[in-house]
Structures are given as structure tokens and as C-alpha cells.
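A.B. asks: my questions are about this predicted structure, shown below with the sequence.
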Amino acid sequence: MFNTELNYGDVYLLPRKTVVDSRKQCDTSVQFGPRRFDMPLYASNMKSVVDAETCEYFARHGWFYTMHRFNMDVVGFVRDMQAKGLFASISIGVNDDTLEQLAALQAAGLVPEYITLDVANAWCVKAERMIRHVKQQFPGSFLIGGNIATADAARELQAWGCDAIKAGIAGGRVCITKNKTGFHRPMIATVRDCAAAVTVPVIADGGIVEHGDVAKALACGASMVMAGSLFAGYDESAGEIVEINGKHYKEYFGSASQFNKGEYKNVEGKKILVEYKGSMARLLVELKEDLQSSISYAGGMGLAALRDVEMIVVAC
Ligand SMILES: NC(=O)C1=CN([C@@H]2O[C@H](COP(=O)(O)OP(=O)(O)OC[C@H]3O[C@@H](n4cnc5c(N)ncnc54)[C@H](OP(=O)(O)O)[C@@H]3O)[C@@H](O)[C@H]2O)C=CC1
Ligand SMILES: Nc1nc2c(ncn2[C@@H]2O[C@H](COP(=O)(O)O)[C@@H](O)[C@H]2O)c(=O)[nH]1
């Protein structure tokens with residue numbers, strides 16, 4: 001027997017009676033760790049999506065961000081962000097270079113407000129060792145661990161000390177993990193299972209195609225949503241602009257792509273071109289408007305209304 005599991009595109013949310021006079025009354029803000037953010041959505045910690053300027057842009061707009069971890073001067077990044085009065089949110093790996101970066105932060109007396117442990121399968125012994133190390137050395141930082149895709153994995157990461165857990169394996173737009181390894185879990189099942197298994201917040205990572213998918217992820221129990229391709233086509237994202245036959249695109253590549261790694265070894269990601277869409281300012285406004293509308297259809301005034309909204313599968 002096989003389990004049938006669903007993705008965002010397979011389900012819809014059932015409307016309830018709207019109780020607000022205007023969508024503007026719906027509050028999309030979310031408490032995440034020590035801070036409150038304007039939206040429960042943020043850009044992927046990928047080199048083709050965020051750089052230091054992108055992170056500053058999001059932080060100044062009241063959005064959460066996480067810097068990527070590739071060829072990073074972590075000390076310089078944390079120092080710069082905090083010197084500007086902004087929060088510092090970094091990513092780390094599981095190898096010795098990460099231990100060196102963490103030691104350098106400590107030597108400089110720097111404590112990032114948020115640390116994300118970023119590996120393909122965080123349900124592993126190396127991630128356990130690093131999570132325990134970070135919790136011991138940086139007890140004041142909010143530690144996000146990922147990625148995982150099952151309830152058992154979520155429970156273990158919580159037990160190791162993660163303050164939040166990032167869920168989503170092989171559902172991303174530039175992902176080829178499912179092709180190369182055979183492993184993947186659709187996002188509805190991933191988020192529902194993981195969120196039900198733990199008390200810490202769960203971040204739904206990858207697979208956002210439509211703006212309404214954000215509301216669907218929250219309805220599955222996610223507290224935050226991470227997306228890469230959604231943000232990749234804009235001026236403020238980190239990818240290069242490419243012109244082909246007079247049309248403009250932006251490069252978007254996976255963190256496990258040959259392009260990001262600099263060599264063809266354990267490649268589980270690809271590079272694509274996404275449509276260039278200009279400034280991100282309008283996108284941020286539209287994402288907020290759409291989520292406010294989702295909250296109104298859910299019959300509430302805040303994100304909590306989406307938590308218990310009914311979900312249906314559309315018959316083919
Ligand atoms: N969300 C997703 O579905 C996926 C995301 N990614 C992204 O790609 C980037 C690279 O990820 P990742 O390869 O984990 O990070 P790294 O390339 O930094 O690998 C981390 C370390 O763990 C080891 N390792 C990695 N995978 C395995 C494994 N399956 N079994 C045993 N050891 C392993 C590696 O050793 P060695 O290389 O020698 O095996 C390496 O020492 C990350 O940013 C990640 O988020 C990648 C794939 C899927
Ligand atoms: N399997 C892989 N997954 C990757 C890689 N680089 C990033 N990612 C994951 O994808 C999401 C973004 O997905 P999107 O659908 O919103 O574009 C990102 O947050 C990572 O979790 C990779 O090389 N391989």
C-alpha cells in the first residue's frame with residue numbers, strides 16, 4: 001500500500017464568514033523568536049536569493065531574513081547588521097569551518113539574534129552535534145534547524161534543542177534531489193505532520209508557487225514560510241540579471257547546484273532563469289494584501305484564523 005500525499009496545488013481552503021469591514025483590518029504580523037515581523041514569510045537563505053543588501057532591505061521593511069552560509073564573513077556580517085541597529089540572522093553548516101566561524105564570533109563578542117543550521121537532511125548525527133554545540137555556546141540565539149520532513153525527525157530536532165524547525169525536503173523549484181535520490185515529500189503532508197509533532201514553530205520551506213500557497217502552509221500549521229523562486233526575479237534579490245534576445249531574466253540556482261558548489265560533486269540542485277520583474281517593493285505589498293485577504297476568508301482578524309480552517313481536495 002502507498003500513502004497518497006498532497007502538495008499545495010492539490011488543496012484549497014474553505015471560506016468562512018468574514019468578520020472585518022476591510023481587509024486592511026487583518027493583521028499579518030507574527031512573533032518569531034525574540035522579534036515580531038510584518039509577515040510570516042521570508043526569502044530562502046540561498047546565494048542566488050539573498051546577499052547582505054537583500055538582508056538589510058528585508059530587515060528595514062520589518063520582514064525576517066536569513067543570510068546564506070556560502071563563502072561568508074560571518075563576523076563582518078553580524079557586526080555590520082548590529083552596528084546598523086538591525087538584527088543579525090545567519091546560516092551555518094555542520095563541518096569544522098562552521099566551528100571556526102562560531103569561535104570567531106565568540107572571540108569578537110558577537111551574538112547573532114538568529115542562527116539557522118542549513119543542511120539537506122538535518123536528521124543526522126552531524127547536525128545533532130552542531131545543534132547541541134550551538135545551544136551550549138550561543139544560548140541567547142534563536143536556533144532554527146533544518147531541513148526535515150517527518151514527525152519523527154521534527155521531534156528529534158526539538159529534543160536536541162532547536163527553537164524552530166524548517167521542514168521541506170526536495171520540494172524546491174531548483175531541486176533535483178527527488179530525481180537523483182528518489183527522496184521527497186509533498187509539502188501539505190510535510191508541514192502537517194511536522195507541525196503536529198512539536199511545540200516549537202515550524203517553517204514550511206519550498207514549493208510556494210502561488211501567493212495563496214502561503215495561507216495553505218499556515219493552515220497546515222506552519223508558523224513561518226520560506227520561499228526562493230518567489231523572490232528571485234527582483235532587483236533586490238542576489239541573482240545576476242541576464243539578457244537574452246532583448247528580454248531580461250535573473251539567475252536562480254540551488255545551493256547544492258554545481259554553480260554554487262564550484263564543482264560537480266553530490267549535485268542536487270540546478271540553475272534556471274526566472275523572469276525579471278523589477279523592484280520588490282510592489283511584491284511585498286501584494287503578498288501582504290493577499291494574506292490579509294486570506295485571513296478575511298478564514299473568518300478572523302489575524303493569522304490564528306488560518307490555523308483551523310478546513311482544507312479540501314479538488315477531485316480530478
Ligand atoms: N531542502 C532541500 O530539500 C535540500 C536543500 N539542499 C541545500 O543545499 C545545500 C547543501 O546541503 P548539504 O549537502 O546538506 O550541505 P553540505 O554540502 O554543507 O554538506 C554538509 C556535510 O554533511 C555531509 N553530508 C551531506 N549530505 C549527507 C548525507 N546524505 N549523508 C551523510 N553525510 C552527508 C557532507 O559530507 P559529504 O559531502 O562528504 O557527503 C558534508 O560534510 C544546503 O544549503 C541545503 O539547504 C540540498 C538538497 C536538498
Ligand atoms: N534539493 C535542493 N533544494 C534546494 C537547493 N537549494 C535550495 N533548496 C531548497 O529549495 C527552497 C526554495 O524553494 P522554492 O520552491 O521556493 O524555490 C530553499 O529554501 C531550499 O530549502 C538545492 O540545490 N537542492
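C.D. replies: Received it, and whenever you're ready, just let me know what you need. Ligands and ions are numbered 1, 2, ... in the order given.
A.B. asks: wait, what's in contact with T54?
C.D. replies: By Cβ atoms under 8 Å, 6 or more residues apart in numbering, the contact set of T54 is 43, 65, 236-238. For every residue, glycine as well, the C-beta is placed using N, CA and C.
A.B. asks: around ligand 1, pick out the residues from the stretch 101-250 of the chain.
C.D. replies: Within the stretch 101-250 of the chain, the positions adjacent to ligand 1 are 118-121, 126, 147, 168-170, 172, 175, 177, 206 by Cβ under 6 Å from any ligand atom.
A.B. asks: so D213, which of the three states?
C.D. replies: helix (DSSP: H, G, I helix; E, B strand; the rest coil).
A.B. asks: quick one: which of the contacts of T54 is nearest ligand 2?
C.D. replies: Proximity of the contacts of T54 to ligand 2 (Cβ to the nearest ligand atom) peaks at A43, which lies at 8.5 Å.
A.B. asks: what about this protein, any weak spots by pLDDT?
C.D. replies: 316 (pLDDT under 70).
A.B. asks: 90 - rerun?
C.D. replies: Applying pLDDT under 90 to the chain flags residues 1-3, 308, 314-316.
A.B. asks: now the longest helix along the chain: buried residues?
C.D. replies: Using DSSP state H to define each element, the chain has its longest helix at helix 281-297. With burial defined by 16 or more other Cβ atoms under 10 Å, the residues of helix 281-297 counted as buried are 283-284, 287-288, 290-297.
A.B. asks: okay if I get the residues you listed as CSV plus distance to ligand 1?
C.D. replies: Listed next are the buried residues of helix 281-297 as CSV, based on distance: Cβ to the nearest ligand atom, whole Å:
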residue, distance to ligand 1
L283, 23
L284, 24
L287, 21
K288, 26
D290, 24
L291, 23
Q292, 29
S293, 29
S294, 25
I295, 28
S296, 32
Y297, 30
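A.B. asks: hang on, the earlier thing: from the contacts of T54, which is closest to Y249?
C.D. replies: Closest approach to Y249 among the contacts of T54 (Cβ to Cβ): S237, at 12.1 Å.
A.B. asks: how about the secondary structure of the closest one?
C.D. replies: Under three-state DSSP, S237 falls in the coil class.
A.B. asks: repeat that for S91.
C.D. replies: strand.
A.B. asks: surely it touches T66?
C.D. replies: Yes. S91 is within contact range of T66, at 5.7 Å (criterion: Cβ atoms under 8 Å).
A.B. asks: joint contacts of those two?
C.D. replies: 45, 116.
A.B. asks: next, count neighbours for the residue lying closest to Q158 once chain neighbours are set aside.
C.D. replies: The spatial neighbour of Q158 that comes closest, neighbours along the chain excluded (Cβ to Cβ, 6 or more residues apart in numbering), is V198 at 4.5 Å. Neighbours of V198 under the rule other Cβ atoms under 10 Å: 21.
A.B. asks: looking at the buried residues of helix 281-297, spot the one nearest A305.
C.D. replies: Using Cβ to Cβ, I295 comes nearest to A305 of those, at 5.4 Å.
A.B. asks: quick one, what contacts the residue nearest to the closest one when sequence neighbours are not counted?
C.D. replies: Excluding its sequence neighbours, the residue lying closest to I295 (Cβ to Cβ, 6+ apart) is C26, at 3.9 Å. Shown in contact with C26 (Cβ under 8 Å, 6+ apart): 20, 291-293, 295-296, 300-302.
A.B. asks: does any part of stretch 240-258 sit near ligand 2?
C.D. replies: Yes. Judged by Cβ under 6 Å from any ligand atom, stretch 240-258 comes into contact with ligand 2 through 254-257.
A.B. asks: chain center to that stretch, what's the gap?
C.D. replies: From the chain centre to the centre of stretch 240-258 is a distance of 21 Å (Cα atoms, centre = their mean, to the nearest Å).
A.B. asks: that stretch: which residues count as buried?
C.D. replies: 249-257.
A.B. asks: wait, a helix at K180?
C.D. replies: Yes. According to three-state DSSP, K180 belongs to a helix.
A.B. asks: nearest residue to it other than its sequence neighbours?
C.D. replies: The nearest residue in space to K180 (Cβ to Cβ, 6+ apart) is E268, at 5.7 Å.
A.B. asks: assess the claim that that neighbour and V174 are in contact.
C.D. replies: No. Using Cβ under 8 Å, E268 is not in contact with V174, being 9.7 Å away.
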